[in-house]
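Peer 1: Sequence first, predicted model second:
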Protein chains: 2
Amino acid sequence: MQCRHVKLSGLRISRDITSLSPPPPPPPPSSSLPPPTEMAAFTPTPASIPPTNVLLRLKDLPEPHPNYHPLNPLAFILRAAQIYPDKVALVHTDVQHPVVYTFSVWAQRVQNLAYALINAGVKPGDRVGVIAPNCPLIADAHHGVLAARAVITPINTRLKPSEVAYIIEHSQCSILLVDYEYLHLVAGTKVPVVVSNDTGRAGDPYEDFLTAGRQFSAEKGWSGLDPEPNENAAAELCYTSGTTGRPKGVITTLRGSYLAAIANAFEGQMNRNSTYLWILPMFHAAGWTFPWASVFAFAKQVTLRTVNYTQIWNHFLHSGVTHYCAAPTVQIGIVNDPQAKKPAQAISAIIAGAAPTAHLIAELEKTGIKPIHVYGLTETYGPFTRNYEHPSWADLPLEQRARLMARQGHAFATAEEVRVVYSTDSDDDAPLRDVPRDGKTVGEIVTRGNIVMKEYFRDPEATRKAFAGGSFHSGDLAVWHPDGSIAIMDRSKDIIISGGENASSLSIEQELASHPHVLEVSVVARKHPKWGERPMAFVVLHPQHAATWENRHKLFEKDLKEHAKTRLPGFACPEWVEVVPELPKTSTGKILKVELRKRVAKL
Amino acid sequence: MQCRHVKLSGLRISRDITSLSPPPPPPPPSSSLPPPTEMAAFTPTPASIPPTNVLLRLKDLPEPHPNYHPLNPLAFILRAAQIYPDKVALVHTDVQHPVVYTFSVWAQRVQNLAYALINAGVKPGDRVGVIAPNCPLIADAHHGVLAARAVITPINTRLKPSEVAYIIEHSQCSILLVDYEYLHLVAGTKVPVVVSNDTGRAGDPYEDFLTAGRQFSAEKGWSGLDPEPNENAAAELCYTSGTTGRPKGVITTLRGSYLAAIANAFEGQMNRNSTYLWILPMFHAAGWTFPWASVFAFAKQVTLRTVNYTQIWNHFLHSGVTHYCAAPTVQIGIVNDPQAKKPAQAISAIIAGAAPTAHLIAELEKTGIKPIHVYGLTETYGPFTRNYEHPSWADLPLEQRARLMARQGHAFATAEEVRVVYSTDSDDDAPLRDVPRDGKTVGEIVTRGNIVMKEYFRDPEATRKAFAGGSFHSGDLAVWHPDGSIAIMDRSKDIIISGGENASSLSIEQELASHPHVLEVSVVARKHPKWGERPMAFVVLHPQHAATWENRHKLFEKDLKEHAKTRLPGFACPEWVEVVPELPKTSTGKILKVELRKRVAKL
């Protein structure tokens, strides 16, 4: 790398990254796993090799208790490295420079990162920014930043430079760990940057950073690192990728991360034979705590820089993948990939972001993939409800079963309580009132307990509003069924007021998605002279049926309207249907209704 | 029941139980499950039926936090009743009056128990004594006593009345829930007693107690009960069944119970399809937290009043049992039962109390039972280490594999740290020093973290000693292997000082158990004029081979000594061997070496 490096406590950090030479070109996407010989050829850097008889124990707390220890997910990697040192922990192979780390080696790298950060001046509570796709850098950070008692602050790689600049400024990061592909996002920053070329080889600035950390440690090892005595200290700062407005910084705690990670490992029934494939971006809501859940379960993690269906299927078929998380849009891509076929092992697909449709459930199950429908937000460490299936559902026709599976369900393990309450003014701190459990009355989903965020960072006003009445307000509207399960209707702005009736765009979408030729559909309100608003549907055709309707979209639109009439009340039937090649989406795969609304406003 | 009942806040409690008429004769042991018709005929008492639209939520905390909730295993049954109300939760069928409860009904009974206790004057922090075999009463108590914010105090049913009297006095129980079969243990007590005839039918005093609780609640339901705001409040008070001295009362916390229960559910990979069979007495070390772990996993629990191998095999073969806990001595009984054959489903046997021998491991595996070797104490909520198997062990010869599986292993999930340290004077509060991890140096196992007891009740001196140096001292001696796993050698009194050498009676036992004709063996020190002490072995012959040695025990003893010589150093070879029909055991199945030593002292 040709760049100016500033010596800072003995290690190289590029301080003015505008002067950086262009990053190396991204390696060509690999369509297959590297041959075994290539992996055999990989040797971790000398600094990654732990000393013999390594002691996997942090310094004692100033006042150690025999019977109380602050909950901290950092404990998981120390335990994994102790029990299964030689088990493969982290696999990153679909790149030009593949790497594989055992728990023992990975733990040493995590320790090196902690010392490197401390050496760089990072103090307890400081924020450490990370801009990276799924790769070892960000996986390391989920443990190493905690080991330095700092707060990992992952930044969405799909944001614009101005948005990234806002987050860096707002979070007051004291250092940034940045993948080479995303250096342009931090051009001009005054914050010190450590660049990773994602090679895992000597000469990579990130590797040099780790090596310097090891040197700085002077082999004090784990017992030279102070444990965080407060389990309610911040663990992670995640900025929500809101569809409107400035992103808000969600602060999670060590206690919450520990409990949510264990809950995810349990709910997914993960164990040391599991392999977790990173399709969900790790920067998104702390990867739903799977960076820690996987380690707690002693599972192997496989990181993918991009959502590449060829690579995904290679891993499904050849790497023994047993678990992955993804939004329905990505799941649709997976089951529709030409390589899709039933793998030898069972795979659990954790689905969130939207409810799976009957079509998707059927396609997943046909491929031997078991869907686990969960619901959550960045503010709730990912999942805080799960659709708990009942054995009796197995006998129901698919569509009926899918309707039950589409519900967001009940409180997740370690989540405390989930309620649907009448909406209140956010300035009203009156007790929240439950809506009746009638499956009809729409209210707001609220929750509270150990897997609710600590606060919005530097935004007490937003925090106060979010916690009005003593519970966290999700902003999602739902009904409460008599069985206690919740089912999201819509965000309030997704309700279409058609002829004075409240039509749920989500319900309309679910009915339209039951048309066999529909791949994806999104419904928004469009102004109507007579009814006030009426639903307008944007539809992506299923690839297998697109040819049928080529140049006949008007006919399809009519067909879909007919289909709707048999299933929806008149006020909820789409007045307009438009076939589109794709739907606009956020960086995390959520459909951007705000874009559709803009389009509709111009019609 | 003909007895004097004292009216106490409107409910019937027998205050002077010496005047009780004799309990009904114990029902004849049933050798088979009751026919389905009998179960269909069972209807829970009216008070056990929850109202429709029951709200499964306690009263709000005085200062509710949106993002913090005190950990409390009571949350599990509320969640289970919400998510799987109609799923079978508790099965008690091998009795004259079988009962089956769903989560919904069981939760109502738990609520009734809480109100009944409160109605009886039980205040937060009070101790509620329970004397019962495995049955609904004691299962209820693990949730209902917590719901009353009281401390469940199970008392070993195999103790003598004087010992029980000591515990009742020491624990200062404010009320006792007692199974009819154990009323003689509380004769003369001044503490109010609620008797259960274990019928689940109206007219049973315990059922009347629950019904009165429901009445007292005035249908305020769960939201009429105060939650415990302090997660470090006491959950359970368990008296250790020490082989010598007065029992000590171990106080565990809500936080520890919550974390240990989740850890056990995870380590056992339990889920809603699991069925846990109660072979381990629930009164023993809080049933290793399985009363809560099972509910957390939505598993079914089957209670057995006694260790009856016929009943056990009936449940293995016909009730879909997937998990059970037991000491090796009970496991030996299980695999040697004539009914033993491979069940259709996989069964995990959680083994503690002593290491499983190669013979036992082989027999279990032959029967399709997967052994999970854990180690723990009442003071550590049951398991705090586990033997984590390595895939590579599968290729080893059984005996070598068994030797690795006999190690107590590494820290359990949610356990913080396990060390082997040089023994120190218990008055010395100097930092503990680790022994080298050489697999040779013997030290004491210490641990600390969230699954270590809060204290010994009303015994600050014993607590201080147990926590010397800031960790809990197990009193068990072990070596620390280079891989970080620990292996128990002996309690200090189990070390035999033979010719100046330290011989581990446990190691000797393991070698003697490798003789194919040995079922069980126990080794103690016996005085020797020349060597100071020499090992003496007491052996129970395997039933299949007992005939071979009938009236030829001397020959067998010679054979076993020869066997020992090929495997043990001279100073560790047993000088004496005695074939016995059975070994003396504690109420929880541990071999009573103290009895063997007494016998040896007379030789």
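Peer 2: Sure thing, it's come through.
Peer 1: going forward, measure contacts between C-alpha atoms and count neighbours the same way
Peer 2: OK.
Peer 1: which stretches of the stretch 351-500 of chain A form helices?
Peer 2: Using DSSP state H, counting those that start in this stretch, the helices found in the stretch 351-500 of chain A span residues A:358-366, A:398-405, A:460-466.
Peer 1: Dump those helices into a markdown table; add mean pLDDT, mean neighbour count and distance to chain B as well.
Peer 2: Putting these into a markdown table (pLDDT from 0 to 100; neighbours: other C-alpha atoms under 10 Å in any protein chain shown; distance: least, C-alpha to the nearest C-alpha, whole Å) gives the following:
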| stretch | mean pLDDT | mean neighbour count | distance to chain B |
| --- | --- | --- | --- |
| helix A:358-366 | 88 | 19 | 20 |
| helix A:398-405 | 90 | 18 | 13 |
| helix A:460-466 | 93 | 16 | 9 |
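Peer 1: Mind putting the ones you listed into CSV with distance to A:C238?
Peer 2: CSV is the format used below for the helices of the stretch 351-500 of chain A (distance: least, C-alpha to C-alpha, whole Å):
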stretch, distance to A:C238
helix A:358-366, 29
helix A:398-405, 29
helix A:460-466, 14
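Peer 1: Go through those and name the closest to B:P391.
Peer 2: helix A:358-366 (29.9 Å; C-alpha to C-alpha).
Peer 1: Go through the helices of the stretch 351-500 of chain A and name the closest to A:A260.
Peer 2: Comparing the helices of the stretch 351-500 of chain A by C-alpha to C-alpha, helix A:460-466 comes nearest, at 20.2 Å.
Peer 1: And that closest one, what does it pack against?
Peer 2: Secondary-structure packing of helix A:460-466 (3 or more C-alpha pairs under 8 Å, 6 or more residues apart in numbering or on different chains; DSSP states H and E): strand A:455-456, strand A:472-480.
Peer 1: Give the helix, strand or coil label for A:H97.
Peer 2: When classified by DSSP: H, G, I helix; E, B strand; the rest coil, A:H97 comes out as coil.
Peer 1: What is the burial count for it?
Peer 2: 17 (other C-alpha atoms under 10 Å in any protein chain shown).
Peer 1: what does the average pLDDT come to for the longest helix anywhere in chain A?
Peer 2: Selection of the longest helix in chain A by residue count, based on DSSP state H, yields helix A:103-119. Taken as a whole, helix A:103-119 has a mean pLDDT of 98.
Peer 1: Equivalent analysis for stretch A:367-383, please.
Peer 2: On average, stretch A:367-383 scores 95.
Peer 1: So what would you say the end-to-end distance of that stretch is?
Peer 2: 24 Å (C-alpha to C-alpha, to the nearest Å).
Peer 1: what's the distance between that stretch and the middle of its chain?
Peer 2: Chain-centre distance of stretch A:367-383: 10 Å, with C-alpha atoms, centre = their mean, to the nearest Å.
Peer 1: got the buried residues for stretch A:187-197?
Peer 2: A:T189, A:V191, A:P192, A:V193, A:V194, A:V195, A:S196, A:N197 (16 or more other C-alpha atoms under 10 Å in any protein chain shown).
Peer 1: out of these, which are inside strands?
Peer 2: Cross-referencing the buried residues of stretch A:187-197 against strands under DSSP state E gives A:V193, A:V194, A:V195, A:S196.
Peer 1: Identify the spatial nearest neighbour of the second one, chain neighbours not counted.
Peer 2: Take A:V194 and drop its neighbours on the chain: the residue closest to it by C-alpha to C-alpha, 6 or more residues apart in numbering or on different chains is A:L177, 4.8 Å away.
Peer 1: doesn't A:V191 make contact with the one you found?
Peer 2: No: in this structure, A:L177 is not within contact of A:V191 by C-alpha atoms under 8 Å, at 10.3 Å.
Peer 1: And the helices in the stretch 101-250 of chain A, which stretches?
Peer 2: Using DSSP H, counting those that start in this stretch, helices in the stretch 101-250 of chain A cover A:103-119, A:136-147, A:161-171, A:205-217.
Peer 1: tell me the angle the longest one makes with helix A:205-217.
Peer 2: An angle of 80 degrees separates the directions of helix A:103-119 and helix A:205-217 when computed by axes from the mean of the first three to the mean of the last three C-alpha atoms, to 10 degrees.
Peer 1: Show the contacting residues for A:G484.
Peer 2: A:G484 sits next to A:G409, A:H410, A:R437, B:Q82, B:I83 when contact means C-alpha atoms under 8 Å, 6 or more residues apart in numbering or on different chains.
Peer 1: Could you measure from the third one over to B:S522?
Peer 2: Computed as C-alpha to C-alpha, the A:R437 to B:S522 distance reads 62 Å.
Peer 1: neighbour-wise, which of these two wins?
Peer 2: Set A:R437 next to B:S522 and count neighbours by other C-alpha under 10 Å: B:S522 wins out with 23 against 19.
Peer 1: three-state assignment of the more buried one?
Peer 2: strand.
Peer 1: Enumerate the residues of the stretch 201-350 of chain A near chain B.
Peer 2: A:F266, A:Q269 (C-alpha under 8 Å from any C-alpha of the partner chain).
Peer 1: okay, now the closest residue to chain B within the stretch 201-350 of chain A: neighbour count?
Peer 2: Nearest residue of the stretch 201-350 of chain A to chain B: A:F266, at 5.8 Å (C-alpha to the nearest C-alpha). Residues within reach of A:F266, counting by other C-alpha under 10 Å, total 24.
Peer 1: Kindly list the main-chain dihedrals of it?
Peer 2: Taking degrees, to the nearest 10, you get phi -70, psi -50 for the backbone angles of A:F266.
Peer 1: And the strands in the stretch 401-550 of chain A, which stretches?
Peer 2: Here the stretch 401-550 of chain A has its strands, by DSSP state E, counting those that start in this stretch, at A:410-411, A:417-421, A:443-448, A:455-456, A:472-480, A:486-491, A:495-498, A:501-504, A:518-528, A:532-541.
Peer 1: okay, the ones you listed in CSV with distance to chain B and mean pLDDT next?
Peer 2: Listed next are those as CSV, based on distance: least, C-alpha to the nearest C-alpha, whole Å; pLDDT from 0 to 100:
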stretch, distance to chain B, mean pLDDT
strand A:410-411, 7, 98
strand A:417-421, 8, 95
strand A:443-448, 5, 94
strand A:455-456, 9, 98
strand A:472-480, 6, 92
strand A:486-491, 11, 82
strand A:495-498, 27, 80
strand A:501-504, 26, 76
strand A:518-528, 31, 91
strand A:532-541, 35, 91
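Peer 1: Tabulate these (CSV), appending distance to B:Y381.
Peer 2: Shown next, in CSV, are the strands of the stretch 401-550 of chain A (distance: least, C-alpha to C-alpha, whole Å):
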stretch, distance to B:Y381
strand A:410-411, 26
strand A:417-421, 26
strand A:443-448, 28
strand A:455-456, 34
strand A:472-480, 33
strand A:486-491, 35
strand A:495-498, 51
strand A:501-504, 50
strand A:518-528, 51
strand A:532-541, 56
